[in-house]
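Q: Give the three-dimensional model of this entry:
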Amino acid sequence: MKALAITPGQAHTARLVDVPTPRLEDVPNGRGVLVKVLQVGVDGTDKDLHLGRYGQAPPGSDFLVTGHESLGRVVEVGPNVSGLVPGDFVVATVRRPGRSIYDRIGMSDMTTDETIYERGISLLHGFTTEFYVDEAEFIVKVPPGLKHIGLLLEPMSIVAKGLTQAYEIQRRLKVWQPHRAAVMGAGRIGLLAVLAMRLQGLEVTAIDLTPHPNPKSALVEDIGGRYLSLDATTLAEAAAAYGPFDLIFEATGSSAVVFEAAHTLARNGVLIMASGSKGHRTIEVDSDRFNLEFVLGNKVMFGTVNAHRGYFEQSLAHFARAELTYPGWLARHLTHPVRGLENYGELLRLLFKADEAIKAYLMIDESS
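A: Below is the predicted model:
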């Protein structure tokens with residue numbers, strides 16, 4: 001069968017390769033689930049992979065099959081699988097267990113291992129192919145009423161993880177009731193963060209580079225958020241007018257924004273970093289001011305990446321609520337479908353023109 005692959009560490013090596021069709025027997029103990037791939041999305045991680053900045057091929061292979069955002073349909077299940085049957089719509093998680101204590105208790109997204117296994121990213125082939133097989137514990141069932149937005153489940157799980165952990169950290173305060181929130185970057189992850197915060201009743205300001213109005217600003221404003229463009233204001237001015245912010249979700253991909261945003265946090269505020277910066281940028285930081293504000297203000301900054309299945313399931317609940325509260329809003333993210341594996345070139349063109357597509361994705365099979 002065909003799959004989209006790259007040579008990790010080398011830029012612009014995308015190509016179709018032939019790979020063996022997976023079988024249930026590839027997963028031991030009768031716990032396998034064979035899935036036909038319907039859709040695969042792309043994001044900033046895929047951009048880094050295609051630029052050669054990231055990625056590792058599986059042992060014994062000189063290429064990596066890409067794709068970590070997927071929607072599929074179950075074809076066959078092993079004899080020891082329960083809760084899944086042929087015809088179910090599913091999404092697969094990305095991280096796979098290593099050896100740490102966290103891996104052994106189902107929290108591989110918090111592993112302390114140096115070696116990380118992630119489908120389509122590091123040491124494991126991904127989902128941009130016709131079929132895949134995986135263990136049942138890594139397969140999340142998507143209700144039929146949500147299958148049209150199931151492709152967004154993986155990015156939403158990262159948001160759910162970040163927000164859940166922010167509230168978990170703030171249990172130290174006994175009472176923490178954030179009111180004003182900011183999202184830095186109104187891209188794929190940022191827009192989902194706006195949604196999650198609005199569902200929690202927060203006043204949300206999304207700050208992005210793209211001039212207003214644009215499709216992203218319309219999405220923000222249609223669910224009661226505020227959209228500001230940095231071509232018309234500065235981050236400091238935005239914070240003076242609408243902050244300081246009790247909660248900030250940073251999703252710009254720019255490490256410089258992290259330090260600037262930190263100065264706009266309210267006392268007892270939390271800044272969640274969701275973008276991994278893989279370049280070599282250096283900036284000058286007012287470290288004394290940064291240190292003093294965090295010490296005297298009891299502030300917190302932490303990172304979120306990937307997610308275990310609990311956050312995927314939590315995201316399904318967010319989606320169900322969003323469909324009731326803001327009908328059709330999530331489907332508007334899926335702006336640019338590309339039909340067929342053979343047209344991967346158009347998918348990559350859209351990936352590198354982020355201002356053109358909110359979400360580009362490959363439709364590998366449309367028989368759903």
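
Q: domains of this protein?
A: By the assignment in automatic domain parsing, the chain contains the domains 2-142+335-363, 157-303.

Q: do you know how far the residue nearest to the spatial centre of the chain is from V305?
A: Per CA atoms, centre = their mean, the C-alpha nearest to the average position across the chain is that of P155, at 2.6 Å. For P155, the distance to V305 (CB to CB, to the nearest Å) stands at 11 Å. In short, each C-beta sits where N, CA and C put it, glycine included.

Q: related to what we said a few turns ago, out of the domains of the chain, which is closest to G150?
A: With respect to G150, and counting by CB to CB, the nearest of the domains of the chain is domain 2-142+335-363 at 4.2 Å.

Q: list the contacts for L34?
A: Under the criterion of CB atoms under 8 Å, 6 or more residues apart in numbering, the contact partners of L34 comprise 22-24, 74-77, 131-133.

Q: picking up where we left off before, determine which of the domains of the chain approaches G328 most closely.
A: Using CB to CB as the measure, domain 157-303 is the one of the domains of the chain that comes nearest G328, at 9.7 Å.

Q: and the closest residue to L64 other than its chain neighbours, what does it touch?
A: When the adjacent residues along the chain are set aside, L64 lies closest to A57, with 4.7 Å between them (CB to CB, 6 or more residues apart in numbering). Under the criterion of CB under 8 Å, 6+ apart, the neighbours of A57 are 7-8, 63-64, 123.

Q: Quick check: the residue nearest to the centre of the chain touching L191?
A: No: between P155 and L191 there is no contact under CB atoms under 8 Å: 9.3 Å.

Q: circling back: so which of the contacts of L34 belong to strands?
A: Filtering the contacts of L34 for membership in strands, criterion DSSP state E, returns 74-77, 131-133.

Q: which residue ranges form the helices in the stretch 1-150 of the chain?
A: Taking DSSP state H, counting those that start in this stretch to define them, one finds helices in the stretch 1-150 of the chain at 44-50, 101-104.

Q: follow-up on the earlier one: quick check: the residue nearest to L64 vs A238, distance?
A: Using CB to CB, we find A57 at a distance of 43 Å from A238.

Q: Going by neighbour count, list what's buried in stretch 57-69.
A: The neighbour-count criterion (16 or more other CB atoms under 10 Å) identifies 57, 63-69 as the buried residues of stretch 57-69.

Q: Of these, which is the nearest to I116?
A: When the buried residues of stretch 57-69 are compared for distance to I116, the smallest value, 12.5 Å, is given by H68; criterion: CB to CB.

Q: State the distance from the closest residue to that closest one other than its chain neighbours to R96.
A: Leaving aside its sequence neighbours, H68 sits nearest to G120 (CB to CB, 6+ apart; 3.9 Å). Noted for G120: a distance of 11 Å to R96, by CB to CB.

Q: Please say which of those two ends up with more neighbours.
A: Here G120 and R96 are compared on neighbour count by other CB atoms under 10 Å; more neighbours surround G120, at 26 against 18.

Q: After the helix or strand that contains R198, heading C-terminal, what element do we hit next?
A: In this structure, R198 sits in helix 188-199 according to DSSP states H and E. From helix 188-199 onward toward the C-terminus, using DSSP H and E, the following helix or strand is strand 203-208.

Q: what's that following strand packed up against?
A: Based on contacts counted as 3 or more CB pairs under 8 Å, 6 or more residues apart in numbering; DSSP states H and E, the elements that strand 203-208 packs against are strand 180-184, helix 188-199, helix 215-222, strand 226-229, helix 235-242.

Q: Relative to V257, which of these is closest?
A: Proximity to V257, assessed across these by CB to CB, is greatest for strand 180-184 (5.4 Å).

Q: the inter-axis angle of the closest one versus strand 203-208?
A: Put simply, strand 180-184 runs at 20 degrees to strand 203-208, going by axes from the mean of the first three to the mean of the last three CA atoms, to 10 degrees.

Q: next one: strand 180-184 to chain centre, how far?
A: In terms of CA atoms, centre = their mean, to the nearest Å, the centre of strand 180-184 is found 18 Å from the chain centre.

Q: Indicate which one of the domains of the chain is closest to P327.
A: Go through these one by one with CB to CB and the one that ends up closest to P327 is domain 157-303, at 10.9 Å.

Q: mean confidence for the closest one?
A: If you average the pLDDT over domain 157-303, you get 93.

Q: Equivalent analysis for stretch 76-92, please.
A: Taken as a whole, stretch 76-92 carries a mean pLDDT of 98.

Q: buried stuff in the helix or strand the residue nearest to the centre of the chain falls within?
A: Per DSSP H and E, P155 falls inside helix 153-169. Residues of helix 153-169 classed as buried under the neighbour-count rule (16+ other CB under 10 Å) are 153-166.

Q: And for L330, the neighbour number?
A: Other residues near L330 come to 22 when the count uses other CB under 10 Å.
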